[in-house]
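Peer 1: Quick one: sequence and predicted model below, then my questions.
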Amino acid sequence: MTNEDNIVTEVKNAVTDNSESIDKKAPGTSFGIVALSYLGVLAVTCGVIGFVIWVSR
C-alpha cells in the first residue's frame, strides 16, 4: 500500500506543481489523466442515454 501512496502523492505533486511539465515529473501521467477522463465522459454519456431510453418506454 505504501507504493500506491507514493504514486498518488507523486501524481498529485506533478499535477499541482507549475514549475515543471507533468511529463517530466511523472512520465505517463498525462496519458493516464486523459484516458480516465475520456472513460468518465463515456460512462456518463452511456448512463444518460440509458436513462433517456428507460424513461421513454
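Peer 2: Happy to help now that I have it. Numbering: from 1, shown residues only.
Peer 1: tell me the mean pLDDT for the helix or strand hosting Gly47?
Peer 2: Per DSSP states H and E, Gly47 falls inside helix 29-56. Averaged over helix 29-56, pLDDT sits at 90.
Peer 1: Quick one: list the elements packing against it.
Peer 2: Helix 29-56 sits against helix 2-16, helix 22-25, with contacts defined as 3 or more C-beta pairs under 8 Å, 6 or more residues apart in numbering; DSSP states H and E. (Each C-beta comes from the backbone N, C-alpha and C, glycine too.)
Peer 1: and the ones you listed, which one is worst for confidence?
Peer 2: helix 22-25 (a mean of 64).
Peer 1: ok, Val8 - contacts?
Peer 2: With contact set as C-beta atoms under 8 Å, 6 or more residues apart in numbering, Val8 has no partners.
Peer 1: What's the local residue count around Val55?
Peer 2: 7 (other C-beta atoms under 10 Å).
Peer 1: Repeat that for Ser30.
Peer 2: Other residues close to Ser30 by other C-beta under 10 Å number 14.
Peer 1: With Glu10 instead?
Peer 2: 13.
Peer 1: State the distance from it to Thr45.
Peer 2: 31 Å (C-beta to C-beta, to the nearest Å).
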